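Participant: Dropping a prediction and its sequence here:
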Number of protein chains: 2
Amino acid sequence: MRLTTKGRYAVTAMLDLTIHCDDKPVSLAEISQRQSISLSYLEQLFSKLRQSELVTSVRGPGGGYHLGRASENIFIAEIIDAVNESVDTTNCQGKGDCQGGEICLTHSLWDQLSHEIHNFLNAISLADLVARRDVKSIAQRQVEQLLILNESPQAGAC
Amino acid sequence: MRLTTKGRYAVTAMLDLTIHCDDKPVSLAEISQRQSISLSYLEQLFSKLRQSELVTSVRGPGGGYHLGRASENIFIAEIIDAVNESVDTTNCQGKGDCQGGEICLTHSLWDQLSHEIHNFLNAISLADLVARRDVKSIAQRQVEQLLILNESPQAGAC
DNA sequence: ACTTACTTGACTAAAATAGTCGGGTATTGG
DNA sequence: CCAATACCCGACTATTTTAGTCAAGTAAGT
Ligand code: FES
Ligand code: FES
C-alpha cells in the first residue's frame, strides 16, 4: 500500500476545487497558491484525474477545471485510486500467490485490512468534507492569507 | 503511511513464531525456510522486534526466539510499529502543521483514517490469527512442503 | 575446541516519490 | 491576426525508501 503526498495532494486539490466557485472553472495556478502545491506537480496529478473523469477541463484564458460530477458523488477512494493505484495492502494484489504461487500465512489479514480502508474512504464524499467545520475555517484562512499576500483590490467573494 | 513487505514480513515471522513450539526457541533459519524470507533480512527485523520487547532471544546452539508475551497480548499494530515506524497517514505526524506551520485542508481526514487503521490492527492479536482456519491449513502445508524438501526422517510434530 | 545461532553495523541495488523542465495545443480578448 | 492564458504531455532527475547482502563479531551448548 502507498498513501503518500501524491494521494494527499490529489484529495486536497479536489477539495479546493469543490470549495471554490461552481460557475467559473478553477485554474491550477489558484490551487497551487492556496494549497502550496507545485503547479507542475498539479498538472501531473490532474492529468490522471481527468483520465478518470473526476474532473473536466476548460482550455484557454479563463479556463481551468470543474468537478466531473456532483461533489456528493465523488468519493475519496476514487481520487486516491486515480493517482495512486489503489489502497491494496496485500503483496499479491489480492491474488493470493505471494509465496511461490501459493497463498501466504498473512494474506487474509491484509485482504481484510484493505477492505476496511477502502470502505472507510469510499464512504466519504467531497461534499461530506466540505461540510466539516474545520475544513470551512481552514479554507477561509487560506483565502484571507492569499488576499493579504497579493494585496489585490478585488475583494469580491465567490 | 508505509505498509510494505517489511511490515508484512514482520507479522508473518511473528505468526510463524507463535505457531511453532512454545517450549523450544524457534531459530530464524527455520522461519526463513518456512516463510521464504531471507535470513539476513529476518535478523534485521528481529533486532527491532527484540528492542520493542516483542520477542526474547536465546543464544547458542538450540537457541532462537520466544514471544515476549502471551500471543493473546501481542497485537498486529505493535509489530508493525516496531519495524515500520507507525501506520500514520498524515503528512505531519499528527502535529497539524504541514502547510507552513498551519494545518492543511485534509488533516482531519488523514488523522481519522490513521485511527481507523490503528484500531483495526490493534484489535487483532497473534492468538486471533492462529485460531483462523485458513492460517491453520496454510501452516500445515508449509510444514509438509518443508518435510518433503528436506526428506528428513524426524516426523515428530510439535 | 567447535559449532550453532544470535548481534551489530555498514554497505548496496533497485524502485518509488516528488518533483522539474521544455515543449506543445486550444481558446479568448484586443 | 496576435499574443496571452492555461491546459496538455512526455521526458528527465535528485532524493528517499525498500529490500536485501556481507562481514565481523559474541554467547552458549556438546
Ligand atoms: S499477501 Fe496475498 S498471498 Fe501473500
Ligand atoms: S496532514 Fe496534518 S496538517 Fe497537513
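Facilitator: That came through, no problem. Ligands and ions are numbered 1, 2, ... in the order given.

Participant: is the helix or strand of chain A with the lowest mean pLDDT up against DNA strand D anywhere?
Facilitator: Across the helices and strands of chain A, mean pLDDT, DSSP states H and E gives its lowest value to helix A:133-150, namely a mean of 88. No: judged by Cβ under 7 Å from any atom of the strand, helix A:133-150 stays clear of DNA strand D, getting no closer than 13.4 Å. Backbone N, C-alpha and C define where each C-beta goes, glycine included.

Participant: Now do that helix: which elements does it pack against?
Facilitator: helix A:5-19, helix A:28-35, helix B:107-122 (3 or more Cβ pairs under 8 Å, 6 or more residues apart in numbering or on different chains; DSSP states H and E).

Participant: again, only using 7 Å
Facilitator: helix A:28-35 (3 or more Cβ pairs under 7 Å, 6 or more residues apart in numbering or on different chains; DSSP states H and E).

Participant: Please identify the buried residues of the helix it packs on?
Facilitator: Using 16 or more other Cβ atoms under 10 Å in any protein chain shown as the test for burial, helix A:28-35 gives A:28, A:30-35.

Participant: still on that earlier bit, just the buried residues of the least confident helix or strand of chain A, please?
Facilitator: Across helix A:133-150, burial judged by 16+ other Cβ under 10 Å covers A:135, A:138-139, A:142.

Participant: so where's chain A uncertain?
Facilitator: Along chain A, the parts satisfying pLDDT under 70 run over A:1, A:149-158.

Participant: How is it partitioned into domains?
Facilitator: Under automatic domain parsing, the residue ranges defining each domain of chain A are A:1-85+A:127-158, A:88-124.

Participant: Quick check: which of those has the most neighbours on average?
Facilitator: When those are scored by mean count of other Cβ atoms under 10 Å in any protein chain shown, the highest mean neighbour count falls to domain A:88-124 (a mean of 18).

Participant: so does it get close to DNA strand C?
Facilitator: No: Domain A:88-124 is not in contact with DNA strand C by Cβ under 7 Å from any atom of the strand; minimum separation 11.9 Å.

Participant: Can you get me the start-to-end distance on that domain?
Facilitator: End-to-end distance of domain A:88-124 (Cα to Cα, to the nearest Å): 18 Å.
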